[in-house]
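K.L.:
With the sequence up front, the predicted model follows.
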Amino acid sequence: MKRRTLFTVTLAAGLGLAFNVHAATQWDLAAAYPAFNFHSQNLEQFSKDVSAATQGNVNITVHAGASLFKMPEIKRAVQGGQAQAGEFFMVSFQNEWPLFGLDGLPFLASNYDEAWKLYQAQRPALEKKLDQQGIKLLYAVAWPPQSIYSNKPINSVEDLKGMKWRVYSPTTARIGELVGAQPVTIQEAELTQALATGVIEGLITSSATGADNKLYEQMKYFTNVQAWIPKNAVVVNKKAFEALPKAEQDGILKAAADAEARGWAASRQVDADSIAKLKAGGMQVIEPSDELRAGLAKIGDVVIEEWTTTAGDEGKQVLADYRANK
C-alpha cells in the first residue's frame, strides 16, 4: 500500500512538473544575403541576444542566403506566417507602397548622417503601414552608399546609354530608362552568373555587394557616386510577436534596438573595408566627374518629383519632415 501511494505521489509530481514547464518559442528568420554579409552577421548576433534576453524562451534560427525564401518572397512569407520573422530590402517594394522606396531616391541622402535622419522621418509611417499588413518593424539597417560598377569609364550619363543595366527596384529601373540603358532585373544571388554571361554590363549597388560578390573579378571600374543609401528592414509577424509575454516582447525590442545601432556602425566600417577590397582586387575606384554629378543630379530631380506625385500627401509630409531636420 505504501509503495502504491509513493508511486502515485511521484507520478503526480512528475506530471505537475511537465505541465509547468514553459516550452521555448522557436522562430525562423528568413534572410536574403550570404552568411558572411554584415547584415546576416548582425542577424545572428540579434538571435543570440534575443535568446539571452528571454532566458532561452525565444530562439530564432537565421536562414541566410535566401535558403528559406528568395528575397522577393520574404516579406509576404512573414505576413502569412510561413516564417515568423524576416529581412527585406525596402526599395524593392516601392510599387507596393511608395514610401518603401524613399531611401532609394537619388541624392536625397548621400551620407550616413542624412540617411539616419531620413529613416527617423520615415519610421512612423513605416511602422503604421507594416502594422496594417500584420507585420511589426523590429529594426532597419542601411547598406553602404550605392555607386556604379562598369567595364568602361563613366564620365557622363551619356556613357550609360545602351548599357545592359542591372535593376533591383522601380527607381533603378527608372534611372536606367532616363539614361537610355537597357534595364534587366537581377537579384544579388544571380549577379555573378549574369555578369559572366553578359546578361548585364553595368549596375549600381553598394561597395559591400561588390566585395561580397567579388565583382572586381569581372568589372574594372567603381565610380563612387554615392547616389543613395537604402535599408534592409527586419520584421516579425505581428500575431507571433503579440502571442509572447510582455517581458519577452520587451527583451526582443531591446535586442532589436541594439542590432540597429550595431548595424549602422557596421555599415560605415564595411563601406570603408569593401572599397579597400575592391582596390586590392584590381578595380579602379574613381570619384565622379563634375559632368557626371550634374547629369545624375538632374535625373535625381526627375525621379524625386515623380515619386512625390505618386506618394501623395503622406510622402510629401515625410519629405518635409526630413528636410526640416536635415
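P.N.:
Thanks, I have the structure now.
K.L.:
give the contact list for the nearest residue to Ile286 once chain neighbours are set aside.
P.N.:
Distances taken as C-beta to C-beta, 6 or more residues apart in numbering place Thr223 nearest to Ile286, at 5.6 Å, with adjacent residues excluded. C-betas here are computed from N, CA, C, even on glycine. For Thr223, the contacting residues are Ser147, Ile148, Tyr149, Ser150, Ile154, Ile286, Glu287, Pro288, Leu292, by C-beta atoms under 8 Å, 6 or more residues apart in numbering.
K.L.:
Next secondary structure after the helix or strand in which the third one is found?
P.N.:
Right, Tyr149. Using DSSP states H and E, Tyr149 falls within strand 146-150. Of the helices and strands lying after strand 146-150 in sequence (DSSP H and E), the nearest is strand 164-167.
K.L.:
Go ahead and measure how far that next one is from the middle of the chain.
P.N.:
20 Å (C-alpha atoms, centre = their mean, to the nearest Å).
K.L.:
What mean pLDDT does that strand get?
P.N.:
Mean per-residue pLDDT for strand 164-167: 93.
K.L.:
and if you look at stretch 213-225?
P.N.:
95.
K.L.:
What residues of it count as buried?
P.N.:
Neighbour-count burial for stretch 213-225, counted by 16 or more other C-beta atoms under 10 Å, picks out Asn213, Leu215, Tyr216, Met219, Tyr221, Phe222, Thr223, Val225.
K.L.:
tell me how far the ends of that stretch are from each other?
P.N.:
End-to-end span of stretch 213-225 (C-alpha to C-alpha, to the nearest Å): 20 Å.
K.L.:
cool, stretch 130-146 as well?
P.N.:
Start-to-end, stretch 130-146 (C-alpha to C-alpha) is 25 Å.
K.L.:
picking up where we left off before, among the contacts of Thr223, which one has the most neighbours?
P.N.:
Tyr149 (28 neighbours; other C-beta atoms under 10 Å).
K.L.:
List the residues that contact that one.
P.N.:
Gly202, Leu203, Ile204, Thr205, Gly210, Leu215, Met219, Tyr221, Phe222, Thr223.
K.L.:
Identify, from those, the entry nearest to Val302.
P.N.:
Minimum distance to Val302 across the contacts of Tyr149 is 16.0 Å, recorded for Ile204 (C-beta to C-beta).
K.L.:
which one of the contacts of Thr223 is nearest Gly176?
P.N.:
Looking across the contacts of Thr223 and measuring by C-beta to C-beta, the closest to Gly176 is Ile148, at 11.7 Å.
K.L.:
thinking that closest one is in contact with Gly202, fair?
P.N.:
Yes: counting by C-beta atoms under 8 Å, Ile148 does reach Gly202; the two are 6.8 Å apart.
K.L.:
picking up where we left off before, quick check: phi and psi at the residue nearest to Ile286.
P.N.:
phi -100, psi 110 (degrees, to the nearest 10).
K.L.:
Could you give me the buried positions within the helix or strand encompassing Arg123?
P.N.:
Here Arg123 sits within helix 112-132, counting by DSSP H and E. Of all the residues in helix 112-132, those buried under the rule 16+ other C-beta under 10 Å are Tyr112, Glu114, Ala115, Lys117, Leu118, Tyr119, Ala121, Gln122, Ala125, Leu126, Lys129, Leu130.
K.L.:
Count the residues that sit near the residue nearest to the second one when sequence neighbours are not counted.
P.N.:
By the measure of C-beta to C-beta, 6+ apart, the closest residue to Glu114 outside its immediate chain neighbours is Lys326, 6.4 Å from it. Lys326: 12 surrounding residues under other C-beta under 10 Å.
K.L.:
Please apply the same query to Lys48.
P.N.:
Around Lys48 there are 14 residues (other C-beta under 10 Å).
K.L.:
Report the separation between it and Thr54.
P.N.:
When distance is defined by C-beta to C-beta, to the nearest Å, Lys48 is 11 Å away from Thr54.
K.L.:
pLDDT weak spots in this protein?
P.N.:
1-22 (pLDDT under 70).
K.L.:
What's opposite the residue nearest the centre of it in the beta bridge?
P.N.:
A centroid search over the chain (C-alpha atoms, centre = their mean) returns Asn232, at 1.6 Å, as the residue closest to the centre. For Asn232, the residues forming beta bridges with it (DSSP bridges) are Phe89, Val141.
K.L.:
Show the contacting residues for it.
P.N.:
Ala32, His39, Glu87, Phe88, Phe89, Met90, Ala140, Val141, Trp143.
K.L.:
quick one on the thing from earlier: what residues are shared contacts of Ile148 and Gly202?
P.N.:
With C-beta under 8 Å, 6+ apart, Ile148 and Gly202 have common neighbours Ile154, Leu160.
K.L.:
my read is Leu137 is in a strand, agree?
P.N.:
Yes: counting by DSSP: H, G, I helix; E, B strand; the rest coil, one finds Leu137 located in a strand.
K.L.:
pretty sure Ile275 is touching Gln284, no?
P.N.:
No: between Ile275 and Gln284 there is no contact under C-beta under 8 Å: 11.6 Å.
K.L.:
quick one, which of those two is more surrounded?
P.N.:
Ile275 (20 against 13).
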